[in-house]
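>>> What follows is a protein structure lacking sequence information:
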């Protein structure tokens with residue numbers, strides 16, 4: 001990737017950030033390798049040091065064995081796929097690979113010691129490996145955050161040629177610009193009409209569907225993203241893939257089912273054809289019971305933990321503006337059932353009456369009503385909204401079973417009345433205190449983006465996804481971006 005070099009800068013990988021992705025990915029992988037090895041050595045030395053502190057005798061052979069296992073740590077992670085370039089910066093895949101590699105080495109050492117009747121200090125299996133795994137995950141997390149920061153400045157990016165119809169290409173361009181942490185930027189476009197159109201949102205159109213390989217060579221692209229369109233059938237895709245083989249350019253193909261991903265999709269060969277099998281999402285049964293139990297236990301624990309801060313917020317609201325501390329509003333829950341959501345009051349007491357006078361200032365592009373500098377918001381309310389503290393009373397709604405910790409945004413009845421058939425799909429699960437909309441931009445999202453994220457959650461929800469969203473909510477809330 002060629003970026004400006006007017007002045008030197010100290011970056012994560014130095015000048016590698018400004019060179020081809022094949023170079024910086026190798027440099028990044030070397031840093032990960034050194035860091036992982038360092039984590040394993042620290043874990044080994046810590047365990048041996050603690051044993052010495054408690055007066056244990058450590059034979060020389062055992063100390064050498066510990067260092068040997070530390071050297072084997074990066075090898076095990078490599079077998080688990082922790083150094084594949086496609087995992088760089090992608091938290092879930094990267095952390096899963098680290099976990100699989102660490103657990104694999106732990107199991108191999110334990111089983112090998114049992115099978116050979118070798119006496120190995122239990123501290124290696126019971127303490128060193130778990131500590132090395134924790135240190136490695138923390139190290140990888142910090143590296144991922146630094147990589148994301150560099151990508152926000154346009155570094156460590158992969159140049160992509162987008163292939164498809166104008167609307168889908170425009171959507172991809174906007175998504176990648178809004179989320180640069182994915183490390184991709186569209187530098188050229190291939191449309192079915194060819195270069196009759198000059199650009200797509202300032203990205204040049206350089207060819208048609210038969211010109212993909214030539215366009216890739218012209219802009220020195222690193223990857224091609226083929227979006228779903230009827231013209232690009234199996235034969236056309238094969239020809240594109242053949243044209244990219246010599247340059248080893250990565251090829252990404254978007255399925256027609258854009259919002260379906262993860263464990264619901266599998267490929268099964270039938271009669272010599274690879275068929276994409278899509279399982280139906282699960283909204284009832286054991287998984288739903290586990291989610292409900294997790295929600296209520298988690299909400300009860302959080303309510304006990306936050307009881308004193310919530311009491312302080314109540315006193316501040318009552319002391320700074322007339323009216324009750326809690327605001328009750330009718331929202332629509334699962335299946336269209338209405339309920340009263342609880343929130344800390346962040347506006348003046350007659351805010352609903354004043355809403356009609358502000359309709360002309362609505363900044364939302366959909367059915368929502370949003371004003372960035374809403375005059376009805378109190379000073380305390382602005383602070384509560386910035387850090388989403390106004391939503392803490394919704395823990396009571398979660399305990400009642402009206403809401404979930406994670407889910408789509410709870411809509412107003414007036415919003416639901418304007419829903420189309422597709423958007424009503426949001427109502428098949430309980431609304432949540434947080435969700436993909438919360439960790440992806442909050443109020444800065446457009447209406448279409450908000451709907452897309454809610455539908456993506458509905459189609460792919462799982463307890464693991466809920467845990468991911470809850471983890472990301474902390475950074476989204478403390479950052480305060482998109483909250484108004």
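Nice, I can see it. These numbers come from a predicted model, not from an experiment. Numbers count the residues shown, from 1 in each chain.
>>> Domains in this structure, by residue range?
Listed by automatic domain parsing, the domain ranges of the chain are 14-152, 158-254, 286-479.
>>> Can you report how many residues neighbour residue 301?
Neighbourhood size, residue 301 [other Cβ atoms under 10 Å]: 11. Every residue, glycine included, has its C-beta placed from N, CA and C.
>>> measure it to residue 400 for me?
16 Å (Cβ to Cβ, to the nearest Å).
>>> would TSV of the domains of the chain with distance to residue 276 be doable?
TSV is the format used below for these (distance: least, Cβ to Cβ, whole Å):
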stretch	distance to residue 276
domain 14-152	20
domain 158-254	11
domain 286-479	15
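>>> what number of residues lie near residue 132?
Neighbour tally, residue 132, other Cβ under 10 Å: 28.
>>> sec struct for it, please.
Here residue 132 is recorded as helix under DSSP: H, G, I helix; E, B strand; the rest coil.
>>> got a list of what it touches?
The contact partners of residue 132, taken as Cβ atoms under 8 Å, 6 or more residues apart in numbering, are 39-40, 42-44, 70, 73, 102.
>>> Over to residue 182?
Contact analysis of residue 182 by Cβ under 8 Å, 6+ apart lists 89-90, 151, 176.
>>> quick one: which of these is nearest residue 411?
residue 176 (28.5 Å; Cβ to Cβ).
>>> A helix includes the closest one, no?
Yes. Under three-state DSSP, residue 176 sits within a helix.
>>> unless I'm mixing things up, residue 185 is touching residue 162, no?
No. Residue 185 is beyond contact range of residue 162, at 10.3 Å (criterion: Cβ atoms under 8 Å).
>>> If you count surrounding residues, which of these two has more?
Neighbour count, other Cβ under 10 Å: between residue 185 and residue 162, residue 162 has more, with 29 against 18.
>>> and the more buried one, how far is that from residue 168?
Distance from residue 162 to residue 168, counting by Cβ to Cβ: 8 Å.
>>> Check residue 195 too.
Taking Cβ to Cβ, one finds residue 195 at 18 Å from residue 168.
>>> cool, and residue 247?
In this view, residue 247 and residue 168 are 24 Å apart by Cβ to Cβ.
>>> the more surrounded of these two?
Using other Cβ under 10 Å as the criterion, residue 247 and residue 168 rank with residue 168 on top: 17 against 13.
>>> And the pLDDT at residue 317?
At residue 317, the model reports a pLDDT of 93.
>>> quick one: it and residue 380 touch, right?
Yes. With contact defined as Cβ under 8 Å, residue 317 counts as touching residue 380 (5.8 Å).
>>> before we move on, back to that, out of the contacts of residue 132, who's the most crowded?
Counting neighbours by other Cβ under 10 Å, residue 40 leads these with 29 neighbours.
>>> where's residue 189, which helix or strand?
Secondary structure assigned from DSSP states H and E places residue 189 in strand 184-190.
>>> ok, residues contacting the helix or strand following that strand?
Next helix or strand after strand 184-190 toward the C-terminus (DSSP H and E): strand 199-200. Residues from elsewhere that reach strand 199-200, judged by Cβ under 8 Å, 6+ apart: 162, 166, 169-170, 173, 189, 191, 205.
>>> Paired strands for strand 199-200, with orientation please.
Sheet pairing of strand 199-200 (DSSP bridges) gives strand 203-207 (antiparallel).
>>> Go ahead and name everything in contact with the partner strand.
Contacts with strand 203-207, where a contact means Cβ under 8 Å, 6+ apart, come from 162, 169, 173, 186-191, 194-199, 214-215, 218-219.
>>> for stretch 301-313, same thing?
With contacts defined as Cβ under 8 Å, 6+ apart, stretch 301-313 is touched by 325, 344, 384, 389, 392-393, 395-396, 399.
>>> How far away from the center of its chain is it?
Relative to its parent chain, stretch 301-313 has a centroid offset of 28 Å by Cα atoms, centre = their mean, to the nearest Å.
>>> Equivalent analysis for stretch 335-345, please.
Here the centre of stretch 335-345 is set off from its chain's centre by 27 Å, with Cα atoms, centre = their mean.
>>> Next: stretch 59-76.
35 Å.
>>> in the longest helix that the chain contains, what's buried?
Under DSSP state H, the helix in the chain containing the largest number of residues is helix 21-53. For helix 21-53, burial by neighbour count (16 or more other Cβ atoms under 10 Å) applies to 21, 24-25, 27-29, 32-33, 35-41, 43-44, 47-48, 51.
>>> Brilliant, that's me finished.
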